[in-house]
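Enquirer: Okay, sequence plus prediction incoming.
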Amino acid sequence: QVQLAETGGGLVQPGGSLRLSCAASGRNINEINMAWFRQVPGKEREFVAVRRWSGTTIFADIVRGRFTISKVNGENTLSLQMSNLKPEDTAVYYCAAGRRSTITSELRNIARYDDWGQGTQVTVSS
């Protein structure tokens, strides 16, 4: 089991930037897939981005080119750097850990992730 704790959420103006962090314990994140999802009230949790155990990354179309996912050097921590934020990016952002055996076509599937953080609120508003 992997314990995950997100930090870094907050209020930011449209066009601004924000960096989320997900500190992991219990497993080395270079051995598993690590992803970010987000959810707004009344909607299903949606895929944002994933960093595979190999280091390769995949992004949802709606954030590609604006968001970057990476491992923090020297730490067992996943980072989500968000730029050019839009009001529609407002959501609770969750970090998730999944098995490295998951095939590429299933990496956006919420069911492929076993462990979740508590979430952090991101609000994009002027």
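Expert: Sure thing, it's come through.

Enquirer: Report the contact partners of the closest residue to residue 106 other than its chain neighbours.
Expert: Distances taken as CB to CB, 6 or more residues apart in numbering place residue 112 nearest to residue 106, at 5.1 Å, with adjacent residues excluded. The way it works is simple: take the backbone N, C-alpha and C, and place the C-beta from them, glycine included. By CB atoms under 8 Å, 6 or more residues apart in numbering, residue 112 lies in contact with 33, 98-99, 102, 106.

Enquirer: So which of the residues you listed are in helices?
Expert: Among the contacts of residue 112, no member is found in helices (DSSP state H).

Enquirer: contacting residues around the residue nearest to the spatial centre of the chain?
Expert: Centrality entry for the chain: nearest residue to the mean C-alpha point is residue 36, 1.9 Å, by CA atoms, centre = their mean. Contacts of residue 36 were listed using CB under 8 Å, 6+ apart, and they are 20, 22, 48-50, 69, 78, 80, 93-96.

Enquirer: Would you confirm that it belongs to a strand?
Expert: Yes - assigned with DSSP: H, G, I helix; E, B strand; the rest coil, residue 36 falls within a strand.
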